[in-house]
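Q: Just need the structure, nothing else, for what follows:
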Amino acid sequence: MKHSIHKKDRRLAVMQNYFSDIPNIGNTLDLVAFADRSQIKKNRISDFADLLKDESDYNTKLINLDTLQTEEFSDLFESVLMRVVQSSSKEKHRRFRDILINQMLCPNINVDSAEIYLDLISSLSEAEITILHHFNLFYIKLKPIKQNLVRHNNKLEQLRERLEPERELKAAGYANNYLSLIAEIDGVNNLIASENEKITSGRHRLEAPYYNITEDQFLYFKQRLFSRGLLVDTGIGGIGVEPFEYMSITQFGREFMEYIIR
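A: So this is what the prediction gives:
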């Protein structure tokens, strides 16, 4: 046991040395690691230090060192470490690690927004984040499908407008394009059916069996995501539609997922 504790302390010391040229971060590590002498919390910091060092080593050439010197990054670093010591979840630690690496590579989020996202990671379960991730994937997949459907439906409307005059010509015995228009309309209808099938086939990610959980559990997770503004109930007012039956990811939810997924 003593050997394990000393090993963790050495790893923490290595991490402190790794960031020794960045005073704000070095001071933050000292503050968080030693303000509370609980060995459990020190171990969490040491384990997190390993995660962060391995990933930052891999991205060394891409990291903007000027960013690490800023007060904003120092504040974010401290906020992350304070949450790390409060959680035993390795999954949350990896997400916290990814947020820091994202900010090192591309500093485009202000500290206030980062605090909101960090609070969400702390409060949401990994199951809820996974569900939100798949709602986001469905939205990404759905966007071009909707664009295709708009284009196909516009084309269908144009073809139908041309159909009646061609039908009249056909009835009067004049040369006409009635049959070719019918074939073209059938082709567009097939395209629309194909796009709708893509939507149907993608919806399995938005159902409880996909996650091997009960309907009640899935409803509870969706309600929690809804309460945080990450999902919206799109089935409100629908005939025969239950509350929270049809839901979509919000803009806030998409921004959150973009921020935490590497």
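
Q: now the strands for the protein?
A: 231-233, 247-249 (DSSP state E).

Q: chain center to the first one, what's the gap?
A: Chain-centre distance of strand 231-233: 15 Å, with C-alpha atoms, centre = their mean, to the nearest Å.

Q: Run through the residues that contact the residue sitting nearest the centre point of the chain.
A: In the chain, the residue lying closest to the centroid (C-alpha atoms, centre = their mean) is residue 257, at 2.3 Å. Going by C-beta atoms under 8 Å, 6 or more residues apart in numbering, residue 257 touches 132, 133, 136, 249. In short, each C-beta sits where N, CA and C put it, glycine included.

Q: Quick check, pLDDT for residue 48.
A: At residue 48, the model reports a pLDDT of 83.

Q: what does the one 3 residues further on give?
A: With respect to pLDDT, residue 51 has a value of 81.

Q: what separates it from residue 65, distance-wise?
A: Here the criterion is C-beta to C-beta, to the nearest Å. By it, residue 51 lies 20 Å from residue 65.

Q: And residue 259, by the same measure?
A: Distance from residue 259 to residue 65, by C-beta to C-beta: 22 Å.

Q: which one of these two has more residues nearby?
A: Applying other C-beta atoms under 10 Å to residue 259 and residue 65 shows that residue 259 carries more neighbours, namely 21 against 10.

Q: need the contact list for residue 86.
A: residue 122.

Q: Begin at 25 from now on, thanks
A: Yep, numbering from 25; the last one is residue 110 now.

Q: Give me the phi and psi for it.
A: phi -90, psi 0 (degrees, to the nearest 10).

Q: where does the stretch 125-274 of the chain have low pLDDT?
A: 132-133, 135, 199 (pLDDT under 70).

Q: Can you list the residue ranges for helices in it?
A: 135-147, 150-196, 202-226, 239-251 (DSSP state H, counting those that start in this stretch).

Q: Save these as TSV, and put in distance to residue 95 too.
A: Putting these into TSV (distance: least, C-beta to C-beta, whole Å) gives the following:
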stretch	distance to residue 95
helix 135-147	9
helix 150-196	29
helix 202-226	44
helix 239-251	33
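
Q: Mind putting these into CSV with distance to residue 65 and mean neighbour count?
A: Output for those, formatted as CSV (distance: least, C-beta to C-beta, whole Å; neighbours: other C-beta atoms under 10 Å):
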stretch, distance to residue 65, mean neighbour count
helix 135-147, 15, 16
helix 150-196, 21, 15
helix 202-226, 43, 13
helix 239-251, 27, 16
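
Q: Ok, which of these comes nearest residue 264?
A: helix 239-251 (16.7 Å; C-beta to C-beta).

Q: how distant is the closest one from the center of its chain?
A: Distance, centroid of helix 239-251 to centroid of chain: 17 Å (C-alpha atoms, centre = their mean).

Q: Just want the angle from it to helix 135-147.
A: Helix 239-251 and helix 135-147 are oriented at 160 degrees to each other (axes from the mean of the first three to the mean of the last three C-alpha atoms, to 10 degrees).

Q: could I have helix 239-251 exported to PDB, CA atoms only?
A: Extracted as PDB, the C-alpha positions of helix 239-251 are listed here (Å, rounded to 0.1, in the frame of the first residue of the first chain):
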ATOM      1  CA  GLU A 239     -39.000   2.300 -20.900                       C
ATOM      2  CA  ASP A 240     -39.400   3.900 -17.500                       C
ATOM      3  CA  GLN A 241     -35.600   4.300 -17.200                       C
ATOM      4  CA  PHE A 242     -35.400   5.800 -20.700                       C
ATOM      5  CA  LEU A 243     -38.300   8.200 -19.900                       C
ATOM      6  CA  TYR A 244     -36.500   9.300 -16.700                       C
ATOM      7  CA  PHE A 245     -33.200  10.000 -18.500                       C
ATOM      8  CA  LYS A 246     -35.100  12.000 -21.200                       C
ATOM      9  CA  GLN A 247     -36.900  14.000 -18.600                       C
ATOM     10  CA  ARG A 248     -33.600  14.900 -16.800                       C
ATOM     11  CA  LEU A 249     -32.000  16.000 -20.100                       C
ATOM     12  CA  PHE A 250     -35.200  18.000 -20.900                       C
ATOM     13  CA  SER A 251     -35.000  19.700 -17.500                       C
END
